[in-house]
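Chemist: Quick one: sequence plus predicted model below, questions after.
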Amino acid sequence: MNHEELFDKHLRGELSAAETGELKQLLAKDADAGRAFVEHTTETTLLVRVGSQLQASRPAENVVLLPSLEGRVTRVPDSVSSGEMGTRGARPSGVLKWGALAACLVALVATAALLFHSSNRSPVAQIRLVGTGVQVTRGGALMDADEVELQAGDIIVTPTNEMAVIVYQQEATQIEIKANSVVQFGDDRGGKRFDLRRGALQARVAAQPADQPLVVTTPQAQATVLGTEFLLRTDERATKLNVLEGKVQLACRSSAKGVVVEAGFSATSTSSGTSVVKPLCKCSKCRGTNDTACPNLKKKNEK
């Protein structure tokens with residue numbers, strides 16, 4: 001379906017849900033298509049308004065019915081002379097002038113509203129279930145699909161040796177929920193929110209607006225992210241953060257005191273409020289995970 005056909009179906013109110021999504025994405029991503037939509041909507045609305053005014057202001061025998069919206073233009077019949085218009089035609093011309101202006105304003109306001117809604121809509125978060133046994137529940141009911149568009153309050157549970165991935169349609173942010181983890185998806189108004197109740201997640205986060213960060217809470221801590229790659233683990237005793245790229249602020253939930261952890265470092269936060277920052281081990285065995293069994297890491301700590 002070409003752009004004009006899509007615009008016409010929108011004006012006639014015949015768009016399906018899939019076509020509505022296609023139109024919104026087109027207007028959000030293609031500035032030229034947005035301008036074409038404004039022009040098409042304005043022109044079509046003017047034709048409808050002018051046609052109705054002409055029909056209302058002329059004798060029935062001189063009415064030319066408005067054709068279907070197929071790119072054709074309504075014009076005044078040649079049989080209507082300037083004499084017939086006379087002083088009686090002067091009044092409709094003023095009405096047409098204001099009608100045309102009103103139609104323009106209506107079309108522009110409607111288009112601006114659609115564009116504003118499309119551009120300000122939060123990126124849609126979808127979860128892809130990797131392997132078998134991963135569960136997404138909503139209001140206590142199990143979601144039966146391999147891909148789910150997440151809503152606030154959804155709970156993701158991964159079993160042993162399986163994982164799930166959260167992706168966003170309009171940005172490169174990707175969050176891997178590791179095996180044996182429980183994550184609740186939060187309200188994304190004002191930023192992305194996740195509650196890591198158990199287990200681990202690893203995320204590559206695209207640059208986020210300063211007032212809309214990605215925030216992950218655990219039983220002990222809260223990590224605030226503006227754009228980075230990190231690994232976050234939690235259990236009943238502590239939360240551990242490894243920053244692979246960028247910076248992450250880690251704050252203790254009980255004391256609200258926190259530290260900024262840069263790339264190449266890790267931090268540990270417990271319920272007592274302490275945060276310990278250490279450099280990550282970069283050997284081939286650890287690969288940035290700070291494995292406590294690594295002999296290289298033990299040597300660094302001993303020094």
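Modeler: Right, received. Where do you want to start?
Chemist: okay, CA-based contacts and neighbour counts for the rest of this
Modeler: Will do.
Chemist: if you go through the stretch 151-300 of the chain in chain order, where are the helices?
Modeler: Per DSSP state H, counting those that start in this stretch, the stretch 151-300 of the chain carries helices over the ranges 295-302.
Chemist: Let me see the contact set for R128.
Modeler: By C-alpha atoms under 8 Å, 6 or more residues apart in numbering, the contact list for R128 reads 146-148, 164-167.
Chemist: I'd like to know the beta-bridge partner residues of it.
Modeler: E147, V165 (DSSP bridges).
Chemist: what's the pLDDT at it?
Modeler: Here, the pLDDT recorded for R128 equals 84.
Chemist: just the one 5 residues further on next, same as before
Modeler: Among the per-residue scores, G133 shows a pLDDT of 90.
Chemist: That one against P159, yeah?
Modeler: Yes - the pair G133 and P159 passes the contact test of C-alpha atoms under 8 Å, sitting 6.1 Å apart.
Chemist: Mind checking which of the two has more residues around it?
Modeler: For the pair G133 and P159, the greater number of neighbours falls to P159 (17 against 14), based on other C-alpha atoms under 10 Å.
Chemist: Residues contacting stretch 232-249, please?
Modeler: 196-202, 218-221, 223-231, 250, 258-271, 280, 288-289.
Chemist: Mind giving me the ChimeraX select for those residues, buried ones only?
Modeler: Buried subset of the contacts of stretch 232-249, written as a ChimeraX selection, criterion 16 or more other C-alpha atoms under 10 Å:
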select :196,197,198,199,200,201,202,218,219,220,221,223,224,225,226,227,228,229,230,231,250,258,259,261,262,263,264,265,266,267,268,269,270,271,280,288,289
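Chemist: how about the strands in the stretch 101-250 of the chain?
Modeler: Assigned by DSSP state E, counting those that start in this stretch, the stretch 101-250 of the chain shows strands spanning 125-130, 135-138, 141-142, 147-149, 155-158, 163-168, 174-177, 181-185, 192-204, 214-217, 221-225, 229-234, 238-245, 247-252.
Chemist: which stretches of the chain have low pLDDT?
Modeler: Applying pLDDT under 70 to the chain flags the ranges 11-12, 31, 34, 37-123, 284-303.
Chemist: Show me the domain layout of it.
Modeler: Domain segmentation of the chain under automatic domain parsing yields 3-120, 125-302.
Chemist: What residues sit buried inside stretch 8-21?
Modeler: 8-10, 15.
Chemist: check contacts around D187.
Modeler: Per C-alpha under 8 Å, 6+ apart, neighbours of D187: 151-153, 193.
Chemist: ok, what's across the strand from the residue lying closest to G199 once chain neighbours are set aside?
Modeler: Nearest non-adjacent residue to G199, counting by C-alpha to C-alpha, 6 or more residues apart in numbering: S181, 4.0 Å away. S181 has the following beta-bridge partners by DSSP bridges: T158.
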